[in-house]
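1. fold the following for me, if possible:
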Amino acid sequence: MSLLASHRSTRVVRLAGESKAGSRIGDLFPHLDSPVVLEKLSDVPLWTDVDVVFFALPAGQSFALVPRYLEQGTVVIDLGPDYRLKDPELYRRVYGLEHGYPEGLAQAVYGLPEWTADSLDKARLVACPGCFPTGALMGILPFLRAGHIRRDMIVVDGKSGITGAGRSLTLETHFPEISEGVLAYKVLDHRHIPEMEQCLDGGKVTFVPHLMPFNRGILSTIYMVLEHPCSQEEIDRTIDESYRESPFVRRVSSPPNTMGVRGTNNVHLYAKVRENRLVVITAIDNLVRGAAGQAIQAMNRIFGFGEQEGLTRGALFP
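-> Residues are numbered from 1 along each chain as shown. All right, here's what the predicted structure looks like:
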């Protein structure tokens, strides 16, 4: 909502949640200074006074609402996981639920804007990528699509700030438990692996996420094996050509720091080649580029707004 507050072509008219329903959003989050009152999600009828609705719900909780909004012509942008996987059986295996609206899987456009060509412009249902897949795919796809790398030798080491685990209180994210340590978790078993592989045209990913003692940001270190010799100049040119039209992606000359993108929709990308090995490092903000900012970028494409509208703020550095 803080991003939409600076968007010149939109107005937030409705908000819904559960535990804080009935509260003025400006009282819950004073930095927003908004009079909108949070409605109770389970009691919300179909809103007919909105052009676009954003969902950010746990798996399975959007099935009853999404088709109803689509039927009335409202654009749906889903930040949750319900429409990212195209195969309903794969969704069942990954999330332990039967998909409640499989027709939506075929209709949904995967909302990685730089890689959707014109399909996002015409979308009515957008499945926003997960934060880890965003950081990884932005670093892998230039080289995969150019035919530079082996599809079966992709290793992603992901490091995420604590906000990646959500706001719910857990022992693992309790300050004394994480403040001076680093924790690997869901080794080779993270739910984002099938999502990444779905986008890699048969490619396979070895993925290990790590929880880091900072608030926000994702640093993805990606290890790949080249199919054929490439010079550093060829590697850099591949990045530049892949993202020539993107206002948010920047190739940097030294390994990036998440502080350089904190609070922005930007992607900092660095690559280094040696013999047949390629290492790519990407830095994103998990809450903006990995979630809300990418959703707004998709909305801008759909409605014909400037792609950077609402997304021009600089990094929160230091």
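2. assumed Thr221 was part of a helix.
-> No: secondary structure of Thr221 (DSSP: H, G, I helix; E, B strand; the rest coil): strand, not part of a helix.
3. strands along the stretch 51-200 of the chain, start to end?
-> 52-55, 75-78, 109-110, 125-127, 149-160, 183-184 (DSSP state E, counting those that start in this stretch).
4. to Lys272, which of these lies closest?
-> Evaluated with CB to CB, those place strand 149-160 nearest to Lys272, the distance being 13.9 Å. Quick note: C-beta positions are derived from backbone N, CA and C, even for glycine.
5. got any ranges where the stretch 201-318 of the chain has weak pLDDT?
-> Nowhere does the stretch 201-318 of the chain drop to pLDDT under 70.
6. same thing but 80
-> Of all residues in the stretch 201-318 of the chain, those with pLDDT under 80 make up the ranges 318.
7. mind listing the strands for it?
-> Under DSSP E, counting those that start in this stretch, the stretch 201-318 of the chain gives strands at 205-211, 218-226, 249-251, 267-274, 277-284.
8. returning to what we had before: quick one, which of the strands of the stretch 51-200 of the chain is nearest to Ser19?
-> Comparing the strands of the stretch 51-200 of the chain by CB to CB, strand 52-55 comes nearest, at 17.0 Å.
9. could you give the mean pLDDT of that closest one?
-> Strand 52-55 shows an average pLDDT of 97 in the prediction.
10. about what we covered before: can you redo the strands of the stretch 201-318 of the chain as CSV, where the extra columns are distance to Phe132?
-> Shown next, in CSV, are the strands of the stretch 201-318 of the chain (distance: least, CB to CB, whole Å):
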stretch, distance to Phe132
strand 205-211, 6
strand 218-226, 7
strand 249-251, 17
strand 267-274, 13
strand 277-284, 10
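11. which of those strands sits closest to Met1?
-> Of all the strands of the stretch 201-318 of the chain, strand 277-284 sits nearest to Met1, with 19.9 Å by CB to CB.
12. what strands line up against the closest one, and which way round?
-> Strand 277-284 pairs in its sheet with strand 218-226 (antiparallel), strand 267-274 (antiparallel), by DSSP bridges.
13. got those strands as CSV, with distance to Gly290 and mean neighbour count columns?
-> Below are those laid out as CSV (distance: least, CB to CB, whole Å; neighbours: other CB atoms under 10 Å):
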stretch, distance to Gly290, mean neighbour count
strand 218-226, 6, 21
strand 267-274, 10, 20
